[in-house]
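Asks: mind folding the following:
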Amino acid sequence: MPYDGKLVKSHITEESLEYLQNKCLPSFNQSQIELNNFTQQHARSTMQTTPEQVTFFQFLLKVLNAKKVIEVGVFTGYCTLAMALALPEDGKVVGCDVSHEFTNHAQPYWEKAGVAKKIDLRIQPATKTLQDLIDAGESGTYDFIFIDADKVSYVEYYKLSVQLIRPGGIVAIDNVLFHGTVADPAINDDNTVAIRKLNELIQNDSAVFKSTLPIADGVTFVTKK
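Replies: The predicted structure follows:
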């Protein structure tokens, strides 16, 4: 049954965001700062995960005592770097991407931060990487999976990720509000339709517990019941 109450409207102002940035976010590793600055100058900078998102993911990784992480969609590796920094020395992030052009920018920053050894970057379609991990017997062994890649494949990424996540682990999916287009029935481009399908799938998936938060462009967190 849909929630029939009224959600509280966000009161976050530009001043609040500035306060959050200056007073509430933790200190960042120097490599994080440099990679963030680099990515902000990139022509596709809007693809970057926000600092408040990666900080929250680091928090979740610590709470989960995570060692095994998957990131679907690496871009310039900013979120990958943050998650690798939050993992213990024997932790591993499997990074899924199809672009050498984007991910090549990440390598020097990963090396400088001393976490390159924790990152297993696989340049091929993420569906293949996820299926490869399942075929290798790794179903139910991952602590945290973050999905932020091509939207038309979100449903497939989700279905594969739910197989790979352990009980008590978390799958996080970015852009579930998609700039508000999901709420406008007049907008039916491929990306918007794909995200609507994903949101409906998760809403009706009785095998999981989920929470959607209006962080950045909307993030849904899913764990198996």
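Asks: contacting residues around the nearest residue to I215 once chain neighbours are set aside?
Replies: Residue nearest to I215 in three dimensions, not counting chain neighbours: Q53, with 5.9 Å by Cβ to Cβ, 6 or more residues apart in numbering. Placement of C-beta: from N, CA and C, glycine included. By Cβ atoms under 8 Å, 6 or more residues apart in numbering, the contact list for Q53 reads C79, D174, I215, A216, V219.
Asks: which ones are touching the closest residue to I187 other than its chain neighbours?
Replies: With sequence-adjacent residues excluded and distances taken as Cβ to Cβ, 6+ apart, I187 is closest to T181, at 4.5 Å. T181 is in contact with I187, D189, N191, T192, counting by Cβ under 8 Å, 6+ apart.
Asks: would you mind listing which of the residues you listed are buried?
Replies: Using 16 or more other Cβ atoms under 10 Å as the burial test, the contacts of T181 include N191, T192 as buried.
Asks: ok, the contacts of T181 vs L61, which is closest?
Replies: N191 (28.1 Å; Cβ to Cβ).
Asks: farthest pair within the contacts of Q53?
Replies: The widest separation within the contacts of Q53 (Cβ to Cβ) is 13.0 Å, between C79 and I215.
Asks: quick one, which of the two is more surrounded?
Replies: Neighbour count, other Cβ atoms under 10 Å: between C79 and I215, C79 has more, with 25 against 15.
Asks: OK, contacts around the residue nearest the centre of the chain?
Replies: Geometric centre of the chain, nearest residue: F146, 3.3 Å, by Cα atoms, centre = their mean. If you count contacts by Cβ under 8 Å, 6+ apart, F146 has them with F57, V69, I70, E71, V72, G73, C79, M83, A172, I173, D174.
Asks: switch the cut-off to 7 Å
Replies: F57, E71, V72, C79, A172 (Cβ atoms under 7 Å, 6 or more residues apart in numbering).
Asks: what's next to the strand ranked longest in the chain, contact-wise?
Replies: As assigned by DSSP state E, the longest strand anywhere in the chain is strand 165-174. Identification of contacts with strand 165-174 by Cβ under 7 Å, 6+ apart yields 49, 57, 60, 64, 140-148, 154, 158, 161-162, 198, 217, 219-224.
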